[in-house]
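**Student:** Any chance you could fold what I've pasted below:
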Amino acid sequence: QPPQEHLQLLLHRSREAKNCAYCPYSRFPVGAALLTAGGEIFSGCNVENACYNLGVCAERTAIQKAISEGHTSFRAMAIASDMGDFITPCGACRQVMREFGTDWDIYLTKADGTYIVKRLEELLPFSFGPEDLKK
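**Tutor:** Numbering: from 1, shown residues only. You can find the predicted model right below:
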């Protein structure tokens, strides 16, 4: 788990990112903040499109930003929404996260700021990853 100050910043940055969401169709803003192994944080929000399937989730936006800046090792991600219940990543996001390992923490939050933490391997058990292509 990240140190407490990193965790609080990660949670805060996910809530900030949510405020940038472009979601005129679903009206379901989501923000994500990704902590790299080096201690940097990359945030992302969901970005919808009139051609619905071209939209992208907050989690994948954050990952793509980090990758585009040369980061491929992650320690944690926090995900925020306006839901009264814990928000969880969709299946596509879980698989994209899995590309970069299974041993990192995902902080699932509620709108009131409370959270639970899950290991990625808990969210995507019996997963398929890069190492399976080398068999």
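**Student:** For the rest of this, base every contact and every neighbour count on C-alpha atoms.
**Tutor:** Noted.
**Student:** ok, the spatially most central residue of the chain - contacts?
**Tutor:** Nearest to the mean C-alpha position of the chain, counting by C-alpha atoms, centre = their mean, stands E59 at 3.3 Å. Counting by C-alpha atoms under 8 Å, 6 or more residues apart in numbering, E59 makes contact with 31-33, 44-46, 79, 89, 93.
**Student:** Can you tell me which of these end up in strands?
**Tutor:** Members of those lying in strands (criterion: DSSP state E): 31-33, 44-45, 79.
**Student:** how deep is the residue nearest to E121 when sequence neighbours are not counted tucked in, by neighbour count?
**Tutor:** Nearest non-adjacent residue to E121, counting by C-alpha to C-alpha, 6 or more residues apart in numbering: T102, 4.9 Å away. For T102, the neighbour count with other C-alpha atoms under 10 Å is 19.
**Student:** same check, this time on S14
**Tutor:** 30.
**Student:** in a helix, that's where the residue nearest to the centre of the chain is, yeah?
**Tutor:** Yes. Looking at E59 with DSSP: H, G, I helix; E, B strand; the rest coil, it is inside a helix.
**Student:** Could you report the distance from it to L10?
**Tutor:** In this view, E59 and L10 are 13 Å apart by C-alpha to C-alpha, to the nearest Å.
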